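only geometry, no sequence info:
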């Protein structure tokens, strides 16, 4: 079981790290004032500072709220539900990088419809094949927006 206290601390840590990264990156562009006004990194720096301060505030609030320590945020059943959503998305990203976006889309749709949606194999396969074809025709042919391709699309000449 994940408590709300643990979730608050983890989220605050992640957002604080993000805010600090934005602040450090902004200093590369300058955060001071010049004759023409603020340097390019000024606004991102202060936004990163705001996120970092808010994250520290969340940590302090969590530390001062003892009720959060026992409050359940995520139990085992909910964790399985989240994993059933997150793990296929991670697999989608990996497959998209290795085999291309169209193949990843087909595999993701097929698996999601079959295993999570409970659809029949033939209807899952039909949608898994039709969706990438429609995406290709609409995005690449009609609008000239080229998506990530892998070895299979290259072999087919797309």
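Done, it's in. This one's a predicted model, so the numbers in the text were calculated from it and none came from an experiment. Residues are numbered from 1 along each chain as shown.

Would you state the helices of this protein in chain order?
Secondary structure of the chain (DSSP state H): helices at 4-27, 42-63, 76-99, 101-111, 121-135, 151-156.

Neighbours of the closest residue to residue 25 other than its chain neighbours, how many?
For residue 25, ignoring the flanking residues on the chain, the nearest one in space by C-beta to C-beta, 6 or more residues apart in numbering is residue 44 at 7.1 Å. C-betas here are computed from N, CA, C, even on glycine. By the criterion of other C-beta atoms under 10 Å, residue 44 has 16 neighbours.

correct me, but residue 44 touches residue 22?
Yes - with contact defined as C-beta atoms under 8 Å, residue 44 reaches residue 22; the gap is 5.6 Å.

what's around the closest residue to residue 8 other than its chain neighbours, how many residues?
Counting by C-beta to C-beta, 6+ apart, residue 8 lies nearest to residue 62, which is 4.1 Å off, once chain neighbours are set aside. Residue 62 has 19 neighbouring residues, counting by other C-beta under 10 Å.

Quick one: residues contacting residue 62.
Counting by C-beta atoms under 8 Å, 6 or more residues apart in numbering, residue 62 touches 5, 8-9, 12, 68.

So residue 79 sits against residue 2, correct?
Yes - contact criterion C-beta under 8 Å: residue 79 and residue 2 qualify, at 7.3 Å.

Domain ranges for this structure, per the record?
2-74, 82-156 (automatic domain parsing).

Could you pull up the mean pLDDT of the first one?
For domain 2-74, mean pLDDT is 95.

No more questions from me, cheers.
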